[in-house]
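Need a 3D model of the sequence below.
(one chain, ligands or ions: 1)
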Amino acid sequence: MTQLNAMIADWSAEKRAAYGDEIVRFRHRLEETGLFTDEALAKLFDKHPVAHRDICTMTPNPPPGQTWIAGEANGLSGAEIIEAVRKGHLWASARSGMVMHPEYKAVFDAMMAEFGRAIGQPILSANASILVSGPKMGIFFHVDPAETMLWHVRGTKTINIYPRTDDYIPERALEAILLKETLSDCPWRDEMAAGATPVTLHAGEAVAWPQHGPHNVINGDNLNVSVSIEYNTPASALLNGVFYVNGRLRRTLGLQPTSRGTPRALQPAYWAASKALKLLAPPRHNVEKAHPRQFDVDLKAPGCVRWREGCGPEVRQAA
Ligand SMILES: [Fe+2]
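Reported below is the predicted structural model:
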């Protein structure tokens, strides 16, 4: 049993009632663990497996529809990576960093146990990455299949959260993500900006938003350190079961089902059907996370990005 208020500083009955339907903000105590200082992060990147590390670049203040470009930081120490992120145009993630190292996992287990008690729901599974990103970097408009929340530790960032309607994320597009036909079939149109609810996070603040809420992120003019968490509760697993089954029905039988209006009482049947379908008739599509590496991190290059041959903005503009 974890200590009450050990990780979450200001939970309340109102937040518990709003959770699941509304954007919920709260304060946390992650910084007090000492695991997110420059020194600790340098150590983390020194030992975190390269295969679980994501390094990317983008235009500062990227528009929501602009995806990032993957690169590598081979041969750099953790301290050099942090320095490059601070002064360059870079975003670095220790994917699953909160579960792969004992000192972080102990904190993560405590966080999620306390969060599960706060929302009054069991956490069936959870994973979390540690994100370190530079001034004005961001994350493009997308949807995550699982429940997600962001615990922000250092710097300032604004997350724009959009409605969960067909105008922002059509059911077919969400199904495509759940069926692994695509990783990012979440098309952006400029008129969608009007529907954003901006949430600015300072150090020590966190936000959880309703499952399948599309979002994009823009950093303030400073180094950002955050923990990005994805998790499943019984409610989120059931909802994904509905979208999964309807996605298969739409594609195999040509039906036009609607998932968002499915009554809660019917959701367990869909969930059971989704389990059976995945086992007995797995879909043919299964995109892998493969992005061509287009640059190397270089502390002496502009934005700390040294483009590989045939890559870079000039090449992209000419294409
Ligand atoms: Fe996300």
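
Poorly predicted segments of the protein, please.
Counting by pLDDT under 70, the ranges of the chain that qualify are 1-5, 182-185, 243, 283-290, 314-319.

so where do the helices sit in it?
For the chain, helices defined by DSSP state H occupy the ranges 13-18, 38-47, 78-87, 97-100, 102-119, 171-178, 234-253, 267-280, 313-318.

Between those, which one is closest to residue 127.
The minimum distance between residue 127 and these falls on helix 97-100, with 5.9 Å, by C-beta to C-beta. For the C-beta atoms, the positions are set from N, CA and C on the backbone; glycine is no exception.

what's next to the closest one, contact-wise?
For helix 97-100, contacts defined as C-beta atoms under 8 Å, 6 or more residues apart in numbering pick out 44, 48-49, 52, 94, 104-105, 107-108, 126-130, 227, 229.

And the residue nearest the centre of this structure?
For the chain, residue 228 is the residue whose C-alpha lies nearest the centre (C-alpha atoms, centre = their mean; 5.5 Å).

returning to that earlier point: now the contacts of helix 97-100: which count as buried?
With neighbours counted by 16 or more other C-beta atoms under 10 Å, the contacts of helix 97-100 contain buried members at 44, 48, 94, 104, 107-108, 126-130, 227, 229.

Let me see the contact set for residue 21.
Going by C-beta under 8 Å, 6+ apart, residue 21 touches residue 210.

Tell me how far it lies from residue 223.
Distance of residue 21 to residue 223, computed by C-beta to C-beta, to the nearest Å: 34 Å.

repeat for residue 122
Distance check for residue 122 against residue 223: by C-beta to C-beta, it reads 35 Å.

So which of the helices of the chain is nearest residue 142?
helix 171-178 (8.6 Å).

Output the contacting helices and strands for the closest one.
With contacts defined as 3 or more C-beta pairs under 8 Å, 6 or more residues apart in numbering; DSSP states H and E, helix 171-178 has these neighbours: helix 234-253.

Can you tell me what sits against the helix it packs on?
Contacts for helix 234-253 (C-beta under 8 Å, 6+ apart): 20, 121-122, 124, 145-147, 171-172, 174-176, 178-179, 211-212, 232, 255-259, 262, 264, 266-268, 270-275, 277-278, 281, 283.

now with 7 Å?
20, 121-122, 124, 145-147, 172, 174-175, 178-179, 211, 255-257, 259, 262, 267-268, 270-271, 273-274, 277 (C-beta atoms under 7 Å, 6 or more residues apart in numbering).

Check stretch 293-303 too.
Residues contacting stretch 293-303 (C-beta under 7 Å, 6+ apart): 55, 57, 69-74, 76, 80-81, 83-84, 88-90, 304-308, 311.

And stretch 261-280, by the same measure?
By C-beta under 7 Å, 6+ apart, stretch 261-280 touches 237, 238, 239, 241, 242, 244, 245, 248.

Among the residues you listed, which one has the most neighbours?
Ranked by neighbour count (other C-beta atoms under 10 Å), the contacts of stretch 261-280 have residue 242 at the top, with 28 neighbours.

any idea how far residue 157 is from that one?
32 Å.

and what of residue 277?
Distance, residue 277 to residue 157, by C-beta to C-beta: 38 Å.

So for those two, which sits in the more crowded spot?
Using other C-beta under 10 Å, the more surrounded residue of residue 277 and residue 157 is residue 157, with 24 against 18.

My guess is that one contacts residue 199. True?
No: using C-beta atoms under 7 Å, residue 157 makes no contact with residue 199, being 9.2 Å away.

What are the structural domain limits within this structure?
For the chain, automatic domain parsing gives the domain ranges 13-233+285-310, 239-280.

Turn these into JSON lines, including distance to residue 6.
Converted to JSON lines, the domains of the chain look like this (distance: least, C-beta to C-beta, whole Å):
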{"stretch": "domain 13-233+285-310", "distance to residue 6": "6"}
{"stretch": "domain 239-280", "distance to residue 6": "30"}
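
which of those sits most buried?
Across the domains of the chain, averaging neighbours per residue (mean count of other C-beta atoms under 10 Å) puts domain 13-233+285-310 on top, at a mean of 18.

give the contact list for the closest residue to residue 58 other than its chain neighbours.
Nearest residue to residue 58, sequence neighbours excluded (C-beta to C-beta, 6 or more residues apart in numbering): residue 68, at 4.5 Å. If you count contacts by C-beta under 7 Å, 6+ apart, residue 68 has them with 56, 57, 58, 91, 140.
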